[in-house]
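Enquirer: turn this into a model:
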Amino acid sequence: MDDKEILVAWYQEENNFARHHEELRGTAANVIVAVAAGGLGLIAFDQKLLLDDLPLATIVALLGVLGAVLSAKQYERVRLHLNRARQFEACLDELVPKIDLMKLRKAGTRINEEQFPHLAKWRLYWFWVALNVIIALIGAVLVIAILIEQRLF
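Expert: This is a model prediction of the structure:
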């Protein structure tokens, strides 16, 4: 293998790791949303807030917190691998200057920013963290509501 092939292999490997962490984040989010929805459905089933609902409401709140932390951590892992991949890309750019990979990347980014001037500024991982924070808040509000309803708060 020559230097270019080695760099391409490492570049692909780091991108594969980043993709893997995105898939893990998506799977974790799906599980957390499904379990939280099931818990909320059970809490709402009898249309009353009973003391028996307190453990489920607590679990929903804790799942939301866990989901937010997992989303943030998976984002950090994705960024780690993408930052590593960019380093390999920069080396490739030096080895094959006539292609100018960095110029192509910047041009693609510029076109995207022109087509989506507002959306391009938003970081997607904040939506995943926010989704889980909302789940945590719903659970916390239910815990408080149950405690108030049962005159324990």
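
Enquirer: host element of the nearest residue to residue 54 once chain neighbours are set aside?
Expert: The shortest distance from residue 54 to any non-neighbouring residue, by C-beta to C-beta, 6 or more residues apart in numbering, is to residue 146 (5.1 Å). Any C-beta I mention is one placed from the backbone N, CA and C, and that applies to glycine too. Using DSSP states H and E, residue 146 sits in helix 124-149.

Enquirer: returning to that earlier point: wouldn't the residue nearest to residue 54 be in contact with residue 49 here?
Expert: Yes - shown here, residue 146 and residue 49 form a contact pair, counting by C-beta atoms under 8 Å, at 4.7 Å.

Enquirer: which one's more surrounded, those two?
Expert: More neighbours surround residue 146 than the other of residue 146 and residue 49, with 23 against 19 (other C-beta atoms under 10 Å).

Enquirer: tell me the confidence at that one?
Expert: Note for residue 146: predicted pLDDT of 97.

Enquirer: helices along the protein, start to end?
Expert: Remark: helices assigned in the chain by DSSP state H are 3-45, 54-95, 101-115, 124-149.

Enquirer: for the helix holding residue 146, buried residues please.
Expert: Neighbour-count burial for helix 124-149 flags 125, 128-129, 131-133, 135-136, 138-140, 142-143, 146 (criterion: 16 or more other C-beta atoms under 10 Å).

Enquirer: and it, what does it pack onto?
Expert: helix 3-45, helix 54-95 (3 or more C-beta pairs under 8 Å, 6 or more residues apart in numbering; DSSP states H and E).

Enquirer: work out the gap between that helix and the centre of the chain.
Expert: Using C-alpha atoms, centre = their mean, to the nearest Å, the distance from the centre of helix 124-149 to the centre of the chain it belongs to is 17 Å.

Enquirer: stretch 122-140 now?
Expert: For stretch 122-140, the distance to the chain centre is 9 Å (C-alpha atoms, centre = their mean).

Enquirer: ditto for stretch 95-110
Expert: 28 Å.

Enquirer: what lies in contact with that stretch?
Expert: Stretch 95-110 is contacted from outside by 3-4, 7, 89-90, 92-93, using C-beta atoms under 8 Å, 6 or more residues apart in numbering.

Enquirer: about what we covered before: can I get the buried residues of helix 124-149 in TSV with distance to residue 85?
Expert: Formatted as TSV, those follow (distance: C-beta to C-beta, whole Å):
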residue	distance to residue 85
125	17
128	21
129	23
131	27
132	27
133	29
135	32
136	33
138	37
139	37
140	39
142	42
143	43
146	48
